[in-house]
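>>> I need the structure of the sequence given here:
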Amino acid sequence: MTDSLKDLRKQSKKTLAEVADVLGVTAAAVSNYESGMRTLNIMYVVPLSLLYGVAVEEIIDAQYRSLNIGKPDKIV
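Next up is the predicted model:
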């Protein structure tokens, strides 16, 4: 099971401020991405993947989980 964005951040031992600095956003914005209050901008997927040491697909799956929606079965 893919972890949430918050779980991935905690597993990588990064703070909200550290992630925010890498992405060039505020810590509040990162918190909003993690809680599903905001949708993660596509330009942040690769940097988060590198920062957390996971595949890009894991970041995308984690975003779906944060938004509390299921992963689509297929893209049409």
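
>>> Can you get me a residue count around residue 9?
Residue 9 has 22 neighbouring residues, counting by other Cβ atoms under 10 Å. All C-beta atoms are positioned from the backbone trio N, CA, C, and that covers glycine.

>>> What helix or strand is it located in?
helix 5-11 (DSSP states H and E).

>>> ok now whichever helix or strand comes after that helix, how far from the chain's centre?
Sequence-wise, the next helix or strand downstream of helix 5-11 (DSSP H and E) is helix 16-23. Centre-to-centre, helix 16-23 and its host chain are 12 Å apart (Cα atoms, centre = their mean, to the nearest Å).

>>> again, but for stretch 29-47
Its chain's C-alpha centre and that of stretch 29-47 lie 5 Å apart, by Cα atoms, centre = their mean.

>>> what about it, average pLDDT?
Throughout stretch 29-47, pLDDT has a mean value of 93.

>>> Now do that stretch: everything it contacts.
Applying Cβ atoms under 8 Å, 6 or more residues apart in numbering, the external contacts of stretch 29-47 come out as 4-6, 9, 16, 19-20, 22-23, 48, 56, 59-60, 63, 66-68.

>>> Now the helix holding residue 9: average pLDDT?
The model assigns helix 5-11 a mean pLDDT of 94.

>>> Of all the residues in that helix, which ones are buried?
Judged by neighbour count (16 or more other Cβ atoms under 10 Å), helix 5-11 contains these buried residues: 5-6, 8-9.

>>> quick one: the helices in the chain?
All helices of the chain, identified by DSSP state H, fall at 5-11, 16-23, 27-35, 45-52, 56-66.

>>> From start to finish, how long is stretch 26-46 in a straight line?
18 Å (Cα to Cα, to the nearest Å).

>>> So residue 39 versus residue 20, what's the distance?
Distance from residue 39 to residue 20, counting by Cβ to Cβ, to the nearest Å: 17 Å.
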